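*Asks:* I'd like to go over a predicted model; first the sequence, then the structure.
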Protein chains: 2
Amino acid sequence: MEIIVAKTAGFCFGVKRAIGMAYDAAKDAYNTVHTLGPLIHNPQVVKDLEFSGVFAVDCIEDIKDDSPLIIRSHGITLAELNDLRTRGISFIDATCPFVKRAQGYVKELSDAGYFVVVIGEKDHPEVKGLISYADSGVKVVSNEGEAKDIPRKKRIGIVAQTTQSLDNLKAILSELLPRVSELRVYNTICNATAIRQKESIEIARKVDCMIVVGGFNSANTKRLTRMCKSLQPNTHQIEMADDIVPDWLDGVERVGVTAGASTPSWIIEEVIKRIETISKR
Amino acid sequence: MEIIVAKTAGFCFGVKRAIGMAYDAAKDAYNTVHTLGPLIHNPQVVKDLEFSGVFAVDCIEDIKDDSPLIIRSHGITLAELNDLRTRGISFIDATCPFVKRAQGYVKELSDAGYFVVVIGEKDHPEVKGLISYADSGVKVVSNEGEAKDIPRKKRIGIVAQTTQSLDNLKAILSELLPRVSELRVYNTICNATAIRQKESIEIARKVDCMIVVGGFNSANTKRLTRMCKSLQPNTHQIEMADDIVPDWLDGVERVGVTAGASTPSWIIEEVIKRIETISKR
């Protein structure tokens, strides 16, 4: 059985950077450091971080000692940032620089009087952070259908969640264009995501089975799975190598492996080993 | 035979306005007035204008007397405007207000440092006028394929020829989006054109023969013909009622009639009469 592994599978720049900063902080602090929500959407990595002294809290109120807080790569809302400052909690900002830039665009568009449309998932922390930078007149739209609800506007400014697909952004632009005089679009889709999606789709086209590795609560992994499944129905999302059901590989000549942005390389390696073991039976 | 006539067929606001201004000027001048190129792309109307004293010249140098010049609805280039001023030629600006606005957007985008992409036909006078308002870094793109030649740019500003189709604009946006950080789009497509195209397409879908009336040198009429022909192969562009070949209507139960922006209502009425006459034979 041939195994085609996406070169772009796994950790993106922003996640790699945030995790590095967290481990470093835990080392420097010789103690506990906190993150607001899990640092990344991968339970295995979260466990390893806890072992090193990096613990997730659900909200700022849960921080009871003076250990530093790591702002994760998704970023936080402006209100949360102000709250940290007011409470005098020391923090290390590991917001992905691409997310930071997108936050700046939301503020710029809002200040310039545009109605801001953020393309993304309403409940995703990155999106919550993004929209917090608009003073008023902001709406989250996750697909073409939701874009239909945006009323006619003179000027619309668009910023995308960094992990969105380009096709979704295109479709939403096409939907909004007829009802607007001016459309100002910041293409804030991260290249890493786009390139990973493109490579994964190309692999899905030529294999008999596609394995997508990543946390079941990771939005970008779920999107990657949906995209691959539309081309290859025998596509499965797993979190760990042990999740692979051997039946999936029955009669399969070529299997593709890709992984979401929050999947570390050691998990991908375990997955490849497991596939090799199953194929040799 | 049922005849369905597009409500939006014929003269648009800008053309109606320019023709009115030309006839008024000829009356006021008690003499000849000039237009730079034919006032509209309809030979029949041009003939009637000549009868009233409105004559087209090919270039500014051709104006030998002190009779006033009408700037037609398409507008002129900034160089031509400056030339008129330098030569002290009196002129009446009948540039369509929507085209005027689009010229302003090209200047604004160019001044703000955007690479300007004008969606339209390179040789169309409106487009020549539009691009003349960009200092540098401007390119005309007529379709998706040509958009592929635009290199990666940080900031692209887009302005459309007012008679472009929304679908073409959408396709070009989708093509450019992946290669740009910021895309600022002024939707300068005139509603009259869009609504006329939409209504014509709806009619073309439900008839057995479609007649599109308008000058053979009119870009918007040719586009209308192409759109209708893609849905109803028995689509024909004509300039005058006499151009109708009776065979086109053989066995036809429903015929649709639409007309480009430069077709006067009297020509449309003649076309309807001719169809009625043929259908009664």
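*Replies:* All right, it came through fine. Numbering: from 1, shown residues only, chains lettered A, B, ... in the order given.

*Asks:* okay, CA-based contacts and neighbour counts for the rest of this
*Replies:* OK.

*Asks:* Contact residues of the stretch 51-200 of chain A facing chain B?
*Replies:* Proximity of the stretch 51-200 of chain A to chain B, by CA under 8 Å from any CA of the partner chain, involves residues A:166, A:170, A:173-174, A:177-178, A:180-188.

*Asks:* wait, isn't A:T263 in contact with A:G10?
*Replies:* Yes: the pair A:T263 and A:G10 qualifies as a contact (CA atoms under 8 Å) at a distance of 4.7 Å.

*Asks:* Now the stretch 1-150 of chain A against chain B: closest residue?
*Replies:* A:Y105 (10.2 Å; CA to the nearest CA).

*Asks:* What is the neighbour count of that residue?
*Replies:* A count of nearby residues for A:Y105, using other CA atoms under 10 Å in any protein chain shown, gives 22.

*Asks:* mind checking how far it is from A:K7?
*Replies:* Per CA to CA, to the nearest Å, A:Y105 is found 31 Å from A:K7.

*Asks:* Please name the nearest non-neighbouring residue to A:G215.
*Replies:* Of all residues not flanking A:G215 in the chain, A:N42 sits nearest, at 4.8 Å (CA to CA, 6 or more residues apart in numbering or on different chains).

*Asks:* Phi first, then psi, for the one you found.
*Replies:* phi -140, psi 110 (degrees, to the nearest 10).

*Asks:* Which positions within the host helix or strand of A:T86 qualify as buried?
*Replies:* Using DSSP states H and E, A:T86 sits in helix A:78-87. Neighbour-count burial for helix A:78-87, counted by 16 or more other CA atoms under 10 Å in any protein chain shown, picks out A:78, A:80-81, A:84.

*Asks:* Centre-most residue in chain A?
*Replies:* Closest to where the C-alpha atoms of chain A average out (CA atoms, centre = their mean) is A:N220, at 4.8 Å.

*Asks:* where exactly do the strands run in the stretch 1-150 of chain A?
*Replies:* Assigned by DSSP state E, counting those that start in this stretch, the strands in the stretch 1-150 of chain A fall at A:2-5, A:33-36, A:54-57, A:69-71, A:91-93, A:115-119, A:138-141.

*Asks:* remind me which residues of the stretch 1-150 of chain A are low pLDDT?
*Replies:* The stretch 1-150 of chain A contains residues with pLDDT under 70 at A:29-30.

*Asks:* All the helices of the stretch 151-281 of chain A, in order from the start?
*Replies:* Assigned by DSSP state H, counting those that start in this stretch, the helices in the stretch 151-281 of chain A fall at A:166-176, A:191-206, A:219-231, A:265-280.

*Asks:* pLDDT value on the closest residue to A:R184 other than its chain neighbours, please?
*Replies:* Once flanking residues are discounted, A:R184 sits nearest to B:R184: 4.2 Å by CA to CA, 6+ apart. In this model, B:R184 is scored at 97, pLDDT.

*Asks:* what's the neighbour count on the residue nearest to A:G215?
*Replies:* If you count neighbours by other CA under 10 Å, A:N42 ends up with 20.

*Asks:* Show residues contacting stretch A:2-15.
*Replies:* A:40, A:73, A:95-98, A:192-193, A:195-196, A:199-200, A:203, A:253-265, A:268, A:272 (CA atoms under 8 Å, 6 or more residues apart in numbering or on different chains).

*Asks:* cutoff 6 Å now
*Replies:* With contact meaning CA atoms under 6 Å, 6 or more residues apart in numbering or on different chains, stretch A:2-15 is reached by A:73, A:96, A:196, A:254-264.

*Asks:* Confidence-wise, which of these comes last?
*Replies:* Least confident by pLDDT among those: that is A:S262, with 81.

*Asks:* Can you give me the distance of that residue to A:I268?
*Replies:* Per CA to CA, A:S262 is found 11 Å from A:I268.

*Asks:* how far out from the middle of the chain is stretch A:244-257?
*Replies:* Put simply, stretch A:244-257 sits 27 Å off its chain's centre (CA atoms, centre = their mean, to the nearest Å).

*Asks:* how far does it stretch from start to finish?
*Replies:* This stretch, stretch A:244-257, spans 12 Å end to end (CA to CA).

*Asks:* and it, which residues are buried?
*Replies:* Buried residues in stretch A:244-257 (16+ other CA under 10 Å): A:244, A:248-249, A:254-257.

*Asks:* Where strands are concerned, which of those count?
*Replies:* Mapping the buried residues of stretch A:244-257 onto strands (DSSP state E) picks out A:254-257.

*Asks:* okay if I get the residues you listed as JSON lines plus distance to A:S279?
*Replies:* Listed next are these as JSON lines, based on distance: CA to CA, whole Å:
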{"residue": "A:R254", "distance to A:S279": "11"}
{"residue": "A:V255", "distance to A:S279": "10"}
{"residue": "A:G256", "distance to A:S279": "13"}
{"residue": "A:V257", "distance to A:S279": "14"}
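
*Asks:* State the number of residues packed around A:G145.
*Replies:* By other CA under 10 Å, 12 other residues sit near A:G145.

*Asks:* I'd like the distance between the residue nearest to the centre of chain A and A:D62.
*Replies:* In terms of CA to CA, A:N220 sits 28 Å off from A:D62.

*Asks:* go on, A:I92?
*Replies:* A:I92 sits 17 Å away from A:D62, taking CA to CA as the criterion.

*Asks:* try A:F55
*Replies:* The gap separating A:F55 from A:D62 is 11 Å, by CA to CA.

*Asks:* next one: A:T221
*Replies:* 29 Å.

*Asks:* swap in A:D242?
*Replies:* For A:D242, the distance to A:D62 - CA to CA - is 34 Å.

*Asks:* Likewise for A:T162?
*Replies:* 29 Å.

*Asks:* Same drill for these two, tell me which one is more crowded.
*Replies:* Using other CA under 10 Å, the more surrounded residue of A:T162 and A:D62 is A:T162, with 24 against 11.

*Asks:* which residue packs closest to the more buried one, ignoring adjacent ones?
*Replies:* The nearest residue in space to A:T162 (CA to CA, 6+ apart) is A:I189, at 4.2 Å.

*Asks:* before we move on, what about A:V54?
*Replies:* A:V33 (5.0 Å).

*Asks:* Also A:L109?
*Replies:* Per CA to CA, 6+ apart, closest to A:L109 is A:G157, 6.0 Å.

*Asks:* again, but for A:Q161
*Replies:* A:G120 (5.1 Å).

*Asks:* Would you agree that neighbour is in contact with A:S142?
*Replies:* Yes: A:G120 is in contact with A:S142 according to CA atoms under 6 Å; the separation is 4.8 Å.

*Asks:* who's A:V141 bridged to?
*Replies:* A:I119 (DSSP bridges).

*Asks:* before we move on, back to that, pLDDT wise, what is the residue nearest to the centre of chain A at?
*Replies:* Looking at A:N220, the pLDDT reads 86.
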